Structures are given as C-alpha cells and as structure tokens.
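Novice: fold the stuff below for me.
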Amino acid sequence: MKSPPSALEAHLGYWLRLVSNQVSHGFRLKLEKRGVTVAEWVVLRKLMDLGASAPSQVALALGLTRGAISKLNERLADKGLIEIGASASDGRQQVVSLTRQGRALVPQLAALADENDSECFGVLEPEARAELRALLSRLIDAHGWAGTPID
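Specialist: Prediction:
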C-alpha cells in the first residue's frame, strides 16, 4: 500500500518560505512608505559601496541583467536618487552615481532593514542568529547559489 504524500509542513522549504515571505513583506512595506521598492533599495545600497559605476558593473555585482538594471536606474533617476551621466574617461559609456538625496537616503533605508531584522529575528539569541546565518551560508555555498534577492 502506498504511503500518503508528505505534508507541507514536513518540508524545510515550506518553513523557509513562510519566514522569508513574512520578513520580505514587512521590509517591503517599510520601504514603500519611503517611496522605494526592494529592488531599488538593493541598487541604492550597492551604489553606496561601489561609487560611480557603469550600469554593467552594477548589474554584474547584483546578478541582474542589463535590461533590469536599466529599468531600475531610470526609476531611481526619475526619483532624483541617482544620476546617469557620461563617463569622464569615455564619453560613450554611461556612469550611474548616487545623488546627494540618494546618499542621504541609503543610511535611513539601512536603518529600516536593521529594524526589520530586529523585529523578525530578535527573538533569537545572537548565537542562534549566527548559527542560522552559517547554516544558510552553507546551503548557498554547497549549491553554488548566487545573485541578490530583490523580490
């Protein structure tokens, strides 16, 4: 006789997705109040690290397509958070950089990310959070997963 199919709750993926959805949803709502999407936040944060960069560099650093980064850059430029200009060394190449407004906003958004993490994971002791991060990193390394989650 066949055994019954496994229950949803029997799968670690179910629990990971449940947690991920809640963490992501809370953060998305916080960002939306500031007029920024999660994908836009990711680009802004990466530009803070990279400084003025070619869009292709930003796309590569985030694991995004050039088309996706182009659309994000347009939205961010329309919001006055980045500038898109010509490279000083090669006028044919575009360079994107944070505006003054963008540079001021990134630390505020990072504080929202910290707040969201604290709200979601603060119930765990620091050692448990470190262990969870290590286990997730181990899975990522073992499977060669890459890219930046933006959705």
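
Novice: A strand includes residue 91, no?
Specialist: No. For residue 91, which was evaluated using DSSP: H, G, I helix; E, B strand; the rest coil, the result is coil, with no strand membership.

Novice: got the phi and psi for it?
Specialist: Note on residue 91: its backbone torsions stand at phi -60, psi -10 [degrees, to the nearest 10].

Novice: could you export stretch 68-82 as PDB, CA atoms only?
Specialist: Only the C-alpha atoms of stretch 68-82 are listed here, as PDB (Å, rounded to 0.1, in the frame of the first residue of the first chain):
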ATOM      1  CA  ALA A  68      16.700  45.000 -15.400                       C
ATOM      2  CA  ILE A  69      19.300  47.400 -14.100                       C
ATOM      3  CA  SER A  70      18.500  49.900 -16.900                       C
ATOM      4  CA  LYS A  71      14.800  50.000 -15.800                       C
ATOM      5  CA  LEU A  72      15.800  50.300 -12.200                       C
ATOM      6  CA  ASN A  73      18.200  53.100 -13.000                       C
ATOM      7  CA  GLU A  74      15.600  55.000 -14.900                       C
ATOM      8  CA  ARG A  75      13.100  54.800 -12.000                       C
ATOM      9  CA  LEU A  76      15.800  55.900  -9.500                       C
ATOM     10  CA  ALA A  77      16.900  58.800 -11.700                       C
ATOM     11  CA  ASP A  78      13.200  59.900 -12.000                       C
ATOM     12  CA  LYS A  79      13.000  59.900  -8.200                       C
ATOM     13  CA  GLY A  80      16.200  62.000  -8.000                       C
ATOM     14  CA  LEU A  81      18.100  59.300  -6.200                       C
ATOM     15  CA  ILE A  82      20.800  58.600  -8.800                       C
END
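
Novice: check the gap between residue 123 and residue 19 for me.
Specialist: Residue 123 sits at a distance of 12 Å from residue 19 (criterion: Cβ to Cβ, to the nearest Å). All C-beta spots, glycine's among them, are computed from the backbone N, C-alpha and C.

Novice: settle it for me: which of those two has more neighbours?
Specialist: A direct count of neighbours by other Cβ atoms under 10 Å for residue 123 and residue 19 places residue 19 higher, at 13 against 9.

Novice: work out for me the element that one sits within.
Specialist: Per DSSP states H and E, residue 19 falls inside helix 12-33.

Novice: mean confidence for that helix?
Specialist: With pLDDT averaged residue by residue, helix 12-33 scores 95.
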